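> Got a sequence here, can you build the structure:
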Amino acid sequence: MQQQAIYDQLTSILRDLFDDEELVAVPTLTAADVPDWDSFNHINLIVAVEAKFGVKFHTAELESIHNVGHLAELIQNKLAAQGR
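Predicted structure coming up:
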């Protein structure tokens, strides 16, 4: 899957989850940039991402995510490993 398609789908997930049509998934976006992005919504985000992309993250991977760019990179790597 192309990186832009990943960002487009992440934008859709973020907008739905945070009910904010102005949110855009960009590599530098962090939880600190989104007012309602707390630990509960972080879990909801990860669950939504896993469902949307058909991937599963390990705890160590989740602990290493610092921004949306890193999340997109993890998604891309997992999809590539699946041959998608």
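> what residues does the worst-scoring helix or strand of the chain on mean pLDDT touch?
Lowest on mean pLDDT, DSSP states H and E among the helices and strands of the chain sits helix 59-63, with a mean of 91. The contact list for helix 59-63, computed with C-beta atoms under 8 Å, 6 or more residues apart in numbering, reads 46, 74. Heads up, the C-betas are built off the backbone N, CA and C, glycines and all.
> For the helix or strand just after it, name the packing helices and strands.
Counting by DSSP states H and E, the next helix or strand C-terminal to helix 59-63 is helix 68-81. Counting contacts by 3 or more C-beta pairs under 8 Å, 6 or more residues apart in numbering; DSSP states H and E, helix 68-81 packs against helix 3-18, helix 39-53.
> coming back round to it: how about the least confident helix or strand of the chain: buried residues?
Neighbour-count burial for helix 59-63 flags Glu61 (criterion: 16 or more other C-beta atoms under 10 Å).
> Off-centre distance for that helix?
Mean-position distance between helix 59-63 and its chain equals 13 Å (C-alpha atoms, centre = their mean, to the nearest Å).
> next one: stretch 12-22
The chain centre lies 12 Å from the centre of stretch 12-22; the measure is C-alpha atoms, centre = their mean.
> so of the helices and strands packed on helix 68-81, which one's packed in deepest?
The highest mean neighbour count among the helices and strands packed on helix 68-81 belongs to helix 3-18 (a mean of 16), with neighbours defined as mean count of other C-beta atoms under 10 Å.
> Let me know the angle separating that one from helix 39-53.
Angle, helix 3-18 to helix 39-53, by axes from the mean of the first three to the mean of the last three C-alpha atoms, to 10 degrees: 140 degrees.
> Dump the C-alpha coordinates for helix 3-18 into CSV.
As requested, the backbone C-alpha atoms of helix 3-18 are provided in CSV (Å, rounded to 0.1, in the frame of the first residue of the first chain):
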residue,chain,number,x,y,z
GLN,A,3,2.2,5.7,2.0
GLN,A,4,-0.3,8.4,0.9
ALA,A,5,-3.1,5.9,1.0
ILE,A,6,-2.1,5.0,4.6
TYR,A,7,-2.1,8.7,5.6
ASP,A,8,-5.5,9.1,3.9
GLN,A,9,-7.0,6.2,5.9
LEU,A,10,-5.3,7.5,9.1
THR,A,11,-6.9,10.9,8.5
SER,A,12,-10.3,9.2,8.2
ILE,A,13,-9.8,7.2,11.4
LEU,A,14,-8.6,10.3,13.3
ARG,A,15,-11.5,12.4,12.1
ASP,A,16,-14.1,9.8,13.1
LEU,A,17,-12.5,9.1,16.4
PHE,A,18,-12.0,12.7,17.5
